[in-house]
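> Fold the following and give me the result.
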Amino acid sequence: MRADPVAASLAPQASPASRPVSMHGVVATAALSAERGVPVEALLAGSGIPPERLQEPARLISHHQELTVFDNARRLTGDESLGLLLGKAMHVSSYGILGYTMLVSPTVRVALDTAIRFPLLLGSYFRLEVTEEGKTARLRACDYAYHADLYRFNAEMCLSSMWSIIRDCMGVRWAPTAVRMRFAEPGHAGLYPSMFGQAGQFGADEDAVLFPAKWLDRPQPLADAVSFHMALEQCERQQTQWLNSEGSALIARVQGLMQADPARFASVAELTAAMHMSERTLRRKLAALGTSFQALLDQARHQQALHLLHHTSLPITRIAERLGFAEPASFRHAFARWTGRRPSDLRR
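So this is what the prediction gives:
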């Protein structure tokens, strides 16, 4: 199988982290983190995602925002196996119309080809490919180009989620013949048999799951030709909408800059200079998307304020300075407007 030309067209973009993605991964991460005692506010800190948005999984965010949540989850839980567990929890039903299309595909081969054809809907941080060599097929995860510290997290999430999907589509819990990973053996390697039904092979030359090639053409139990073609058309429409969602990417880019340095980008002139865009153009585009520079700045400052108050011992004057307020009184006034409370209330 070869990747769809649409997938190839995504590769040269300057910032893959601005691509849109659904909230399903963040919602699943929140559930796993909550089981480990991590408050949702801490999990979402710095992402620009308000807690109430977890109730709206159909909303789009950016890969940058999702990666921020993954990084928070790994750090706050201290659980290096979290990517593996998250992937296992991401069943075919987690992928909306794409998942349904895969489920009603005629064969596993067509189901995987469908996932590769719609990379935005799949939301993977890798380019996927399926190859055959004799009696063996391999599903490979290639070309990772994101947060280097999250490579293992994302590789484990990618392949464990794809294996969950394959099992859902086949209707049986068969084990692969091999699970190969490029990174060194992790401390949680003992979980691999329960995740995949097979021990991992580490320090390999690829990230891949190997299985009998004859499985590719195995008819799926829930295959339905009419439903498959109707769902395929919906996937085409949805990916086109996401591909054209410049608004999602623009907002994500603005939020990413503001979260990274709220003091610097409290100035619209600094922000537009970094984005190589005029102030008038930015304000016009944000207005068309139903938001504004000030609204996004307030959101970024609010999230950063909560994070700094909860997780650091910085004095409130320093926090105000970091957030770009001219004086602490301005910060206190803004914080009261956002939360109805004073910053010192959170400290107490």
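> Now Leu309: closest residue in space that isn't a chain neighbour?
Nearest non-adjacent residue to Leu309, counting by C-beta to C-beta, 6 or more residues apart in numbering: Leu346, 4.5 Å away. Any C-beta I mention is one placed from the backbone N, CA and C, and that applies to glycine too.
> mean confidence for the host helix or strand of that neighbour?
If you go by DSSP states H and E, Leu346 is part of helix 343-347. Across helix 343-347, the average pLDDT comes to 79.
> Check which residues of that helix are buried.
Within helix 343-347, the residues scored as buried using 16 or more other C-beta atoms under 10 Å are Pro343.
> CA atoms only for that helix, dumped as CSV, please.
C-alpha atoms of helix 343-347 as CSV (Å, rounded to 0.1, in the frame of the first residue of the first chain):
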residue,chain,number,x,y,z
PRO,A,343,-4.4,35.0,42.8
SER,A,344,-3.5,34.7,46.6
ASP,A,345,-6.7,32.6,47.1
LEU,A,346,-5.2,29.8,45.0
ARG,A,347,-2.0,29.9,47.0
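> elements contacting that helix?
Here helix 343-347 touches helix 293-311, helix 316-322, helix 328-339, going by 3 or more C-beta pairs under 8 Å, 6 or more residues apart in numbering; DSSP states H and E.
> need those in a markdown table with mean neighbour count and mean pLDDT, can you?
Shown next, in a markdown table, are the helices and strands packed on helix 343-347 (neighbours: other C-beta atoms under 10 Å; pLDDT from 0 to 100):
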| stretch | mean neighbour count | mean pLDDT |
| --- | --- | --- |
| helix 293-311 | 19 | 83 |
| helix 316-322 | 18 | 92 |
| helix 328-339 | 15 | 86 |
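> For those, give me a markdown table that also has distance to Val21.
Shown next, in a markdown table, are the helices and strands packed on helix 343-347 (distance: least, C-beta to C-beta, whole Å):
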| stretch | distance to Val21 |
| --- | --- |
| helix 293-311 | 19 |
| helix 316-322 | 29 |
| helix 328-339 | 26 |
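> Which one of the ones you listed lies nearest to Tyr151?
With C-beta to C-beta as the measure, helix 293-311 is the member of the helices and strands packed on helix 343-347 nearest Tyr151 (24.5 Å).
> ok, back up a step: give me every residue that touches the residue nearest to Leu309.
With contact set as C-beta atoms under 8 Å, 6 or more residues apart in numbering, Leu346 has these partners: 306, 309-310.
> Repeat that for Leu271.
254, 257-258, 265, 282, 293.
> Can you tell me which of these is nearest Gly340?
Nearest to Gly340 out of these is Met258 (C-beta to C-beta; 22.7 Å).
> which residues does the closest residue in space to the closest one that isn't next to it in sequence contact?
The shortest distance from Met258 to any non-neighbouring residue, by C-beta to C-beta, 6+ apart, is to Ala300 (3.6 Å). Shown in contact with Ala300 (C-beta under 8 Å, 6+ apart): 48, 255, 258-259, 262, 265.
> what would these look like in CSV with distance to Ala204 and neighbour count?
Output for those, formatted as CSV (distance: C-beta to C-beta, whole Å; neighbours: other C-beta atoms under 10 Å):
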residue, distance to Ala204, neighbour count
Gly48, 36, 25
Gln255, 37, 25
Met258, 40, 25
Gln259, 36, 23
Pro262, 42, 19
Phe265, 42, 26
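> What about the residues you listed, which are in helices?
Mapping the contacts of Ala300 onto helices (DSSP state H) picks out 255, 258-259.
> And these, which is closest to Gly99?
Out of those, the member with the shortest distance to Gly99 (by C-beta to C-beta) is Gln255, at 27.6 Å.
> Spit out the contact partners of that closest one.
Each residue near Gln255 by C-beta under 8 Å, 6+ apart is listed here: 48, 62, 65, 296, 299-300.
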